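Prediction below, plus the sequence it came from.
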Amino acid sequence: MQIGRVIGTATATIKHPTLVGERMLIVQLTTRAGAAEGEPVLAFDRLGAARGDRVILTNDGGAMQELLGPKTPARWSVLGLPDLGQEGAT
C-alpha cells in the first residue's frame, strides 16, 4: 500500500476492454510527511476521490484482476480514502 495525492484525472479515447467505464486518476505518490515520491501513477478509482484528496493505493495486480478480469493491464487502484478528520485529536 502507498499514500498519494490526486493531482488530476485522465481520459482515453481507446481503452483495453477491461477498463471501459472505469474512472482514471493521476496520483502523486507521497511519503508519510506528504513529500512527493517518484513519478505520478495512473490509478483506477471506484470510491469517488477528487483532485487534492489523499488516497490509499494498492499496486496488487491480483486484486485488479479480481475486479476487472484476468487479462487487465491495470496495476494501481484506490483502496481507500483516509479519514483525516481525526488528525491532531487527542
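Alright, I've got the coordinates.

The closest residue to residue 31 other than its chain neighbours - how many residues pack around it?
In space, residue 31 comes closest to residue 37 once its chain neighbours are excluded; the distance is 5.2 Å by Cβ to Cβ, 6 or more residues apart in numbering. Any C-beta I mention is one placed from the backbone N, CA and C, and that applies to glycine too. Neighbourhood size, residue 37 [other Cβ atoms under 10 Å]: 14.

can you give me the strands for the protein?
Applying DSSP state E to the chain gives strands spanning 2-10, 23-29, 41-45, 54-58, 76-80.

Which other helices and strands does the third one contact?
If I follow you right, that is strand 41-45. strand 2-10, strand 23-29, strand 54-58, strand 76-80 (3 or more Cβ pairs under 8 Å, 6 or more residues apart in numbering; DSSP states H and E).

give me that answer again for 10 Å
Judged by 3 or more Cβ pairs under 10 Å, 6 or more residues apart in numbering; DSSP states H and E, strand 41-45 is in contact with strand 2-10, strand 23-29, strand 54-58, helix 61-68, strand 76-80.

Of all those, which one is nearest residue 16?
Closest approach to residue 16 among these (Cβ to Cβ): helix 61-68, 8.8 Å.

and residue 17, which of the helices and strands packed on strand 41-45 is closest to it?
Closest to residue 17 of the helices and strands packed on strand 41-45 is helix 61-68 (Cβ to Cβ; 9.5 Å).

Tell me what angle that closest one forms with strand 76-80.
Interaxial angle, helix 61-68 versus strand 76-80 (axes from the mean of the first three to the mean of the last three Cα atoms, to 10 degrees): 80 degrees.

Can you give me the buried ones in helix 61-68?
For helix 61-68, the neighbour count (16 or more other Cβ atoms under 10 Å) marks 64, 68 as buried.

Residue 53 and residue 27, how far apart?
Residue 53 sits 9 Å away from residue 27, taking Cβ to Cβ, to the nearest Å as the criterion.

Tell me the residues that contact both of these two, please.
Common neighbours of residue 53 and residue 27, counting by Cβ atoms under 10 Å, 6 or more residues apart in numbering, are 4-6, 45, 78.

I am finished for the moment; much appreciated.
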